[in-house]
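Colleague: Sequence and predicted model, in that order:
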Amino acid sequence: MRQAKITPELIEKTIKFHGHNCPGVSLGIRASELALSEFQRAPDEEIVAVVETDMCGVDAIQYLTGCTFGKGNLIHLDHGKNVFTFYRRSDGKGIRISAKPEVFSDVDADVVALQKRMVQEGLNAEEEERLAKARAARGQRIMSARLEELFEVKPAQGPIPEKARILESLTCEACGERTMETRTRRFMGKTLCIPCFKAVEKRI
């Protein structure tokens, strides 16, 4: 496996794209590094990423690998796992990258308590600083670790996802908004978008 080169400047641009630095984006950077060691950055839709989380690291994968939701070559499966599968369309090659459990298993009790308090009631300045230092230290450990310490790599499971299709849009007969035909529903002889269909369902 050749070693992908992600420069400090590119890392900084990735963090800026995401909006802040955190352990999640660090993990995404390292997963992208591993993927780019196997495949080049996606020229258009040649490389496909299937991500099983909506965590911060997915922004790093979009920025660094060129796989994006808009092009249809970034697919989200809502499994809540730090698992990233990459495929190359030209030859069918695919790898499944899963974060090892120990990557996030050593969080100390103080950090867990601070994260819980932050969500429930907020933190004071001293607590915010403690949490920020703990996150920075974890992110640095992720960035300095060997890839084999962070991830398990296996061949991809299943076929390559199909390319994104350009489909007809239909007008919802309730709200009047244009909707991709595969996302419409028929009810009482009318074509409805999913939100309008659900609203009707609640009334019956």
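Modeller: Perfect, I can see it now.
Colleague: residues in contact with the closest residue to Arg41 other than its chain neighbours?
Modeller: Leaving out its chain neighbours, the residue that sits closest to Arg41 by C-beta to C-beta, 6 or more residues apart in numbering is Gly66, at 4.7 Å. Yep, even glycine has a C-beta here, placed from its N, CA and C like the rest. Contact analysis of Gly66 by C-beta atoms under 8 Å, 6 or more residues apart in numbering lists 41-43, 47.
Colleague: One more pass at 7 Å, please.
Modeller: By C-beta atoms under 7 Å, 6 or more residues apart in numbering, Gly66 lies in contact with 41-42, 47.
Colleague: May I ask which of those comes out lowest in pLDDT?
Modeller: Confidence by pLDDT is poorest for Ala42 among these, given 74.
Colleague: Which helix or strand contains it?
Modeller: Assigned by DSSP states H and E, Ala42 belongs to neither a helix nor a strand.
Colleague: Next, count neighbours for Ile6.
Modeller: By other C-beta atoms under 10 Å, the residues close to Ile6 number 17.
Colleague: helix or strand for Gln12, which one?
Modeller: For residue 12 the amino acid is Glu, not Gln. helix 8-18.
Colleague: How far away from the center of its chain is that helix?
Modeller: 16 Å (C-alpha atoms, centre = their mean, to the nearest Å).
Colleague: Just the residues contacting that helix, thanks.
Modeller: Residues contacting helix 8-18 (C-beta under 7 Å, 6+ apart): 21, 25, 29, 56, 59-60, 63-64.
Colleague: Show me those that map onto helices.
Modeller: 25, 29, 59-60, 63-64 (DSSP state H).
Colleague: can you put those in a markdown table and add pLDDT, distance to Glu201 and neighbour count?
Modeller: Below are the ones in helices among the contacts of helix 8-18 laid out as a markdown table (pLDDT from 0 to 100; distance: C-beta to C-beta, whole Å; neighbours: other C-beta atoms under 10 Å):
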| residue | pLDDT | distance to Glu201 | neighbour count |
| --- | --- | --- | --- |
| Val25 | 97 | 39 | 26 |
| Ile29 | 97 | 43 | 24 |
| Asp59 | 97 | 34 | 18 |
| Ala60 | 98 | 38 | 26 |
| Tyr63 | 96 | 39 | 21 |
| Leu64 | 96 | 41 | 24 |
